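Trainee: got a predicted model here, sequence first, then my questions.
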Amino acid sequence: MVAKTKTRRSAGMYQEKRLPRGPHGGIQLLLVQNVEHLGKPGDIVEVKAGYANNYLLPEGLATIATDHHKRMVEKHRAKLQAIENARLASYREIANALARQSVTIEANANDEGHLYGSVVAQDIAQALKEVNFSIAPDQIRLEGPLKELGLFTVKIHIYQSIDTELKVWVVPSVTGTGA
């Protein structure tokens with residue numbers, strides 16, 4: 001296990017080194033990478049032992065919050081902040097570009113404009129990929145599948161508090177009638 005190491009105390013006896021506990025009884029860790037809903041790099045957080053041992057430490061998202069690590073983070077906090085500001089600026093640029101963009105999705109529909117299927121987040125992500133935007137389907141926030149022809153405004157979650165809207169045109173498929 002990553003969290004506990006054994007040290008030899010005397011012949012045949014071992015003592016386990018425990019992870020540092022926080023004031024509320026949880027494990028104190030120093031975040032190495034951004035963890036959504038928990039914190040950003042350099043933050044000292046207190047989490048439950050299972051979350052620390054089974055996810056944060058093995059995935060390399062956090063490390064043990066020793067005094068040495070805390071001092072190192074204080075030295076590099078300005079550098080970390082500059083990196084985070086650059087990341088936020090690039091995400092804002094993407095959000096602004098998406099806000100100016102619209103995508104058109106062809107779908108089979110009846111004469112009243114009701115689709116035979118529906119347009120889902122995967123379809124929108126594919127349409128964005130065709131115009132050189134790499135957006136995952138789980139970043140697209142639909143209130144439900146789009147089941148009619150028309151113009152829809154779809155929310156897209158880019159990063160933490162950066163959201164934007166995208167115009168999605170759902171148009172009828174053009175099928176040739178071989179005349």
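Mentor: Now that the structure is in, tell me what you want to look at.
Trainee: relative to residue 52, how far out is the closest residue in space to residue 146 that isn't next to it in sequence?
Mentor: Counting by CB to CB, 6 or more residues apart in numbering, the nearest residue to residue 146 once its immediate chain neighbours are dropped is residue 119, at 4.0 Å. Bear in mind the C-beta positions are built from the backbone N, C-alpha and C, glycine included. Separation of residue 119 from residue 52 (CB to CB, to the nearest Å): 41 Å.
Trainee: same thing with residue 156?
Mentor: 32 Å.
Trainee: likewise residue 37?
Mentor: Separation of residue 37 from residue 52 (CB to CB) stands at 15 Å.
Trainee: quick one, which of the two is more surrounded?
Mentor: Using other CB atoms under 10 Å, the more surrounded residue of residue 37 and residue 52 is residue 52, with 23 against 5.
Trainee: who touches that one in this structure?
Mentor: Listed by CB atoms under 8 Å, 6 or more residues apart in numbering, the contact partners of residue 52 are 3, 19, 27, 29, 62.
Trainee: so for it, what's the pLDDT?
Mentor: We have a pLDDT of 89 for residue 52.
Trainee: and what of residue 9?
Mentor: You'll see residue 9 listed with a pLDDT of 54.
Trainee: understood, closing this out.
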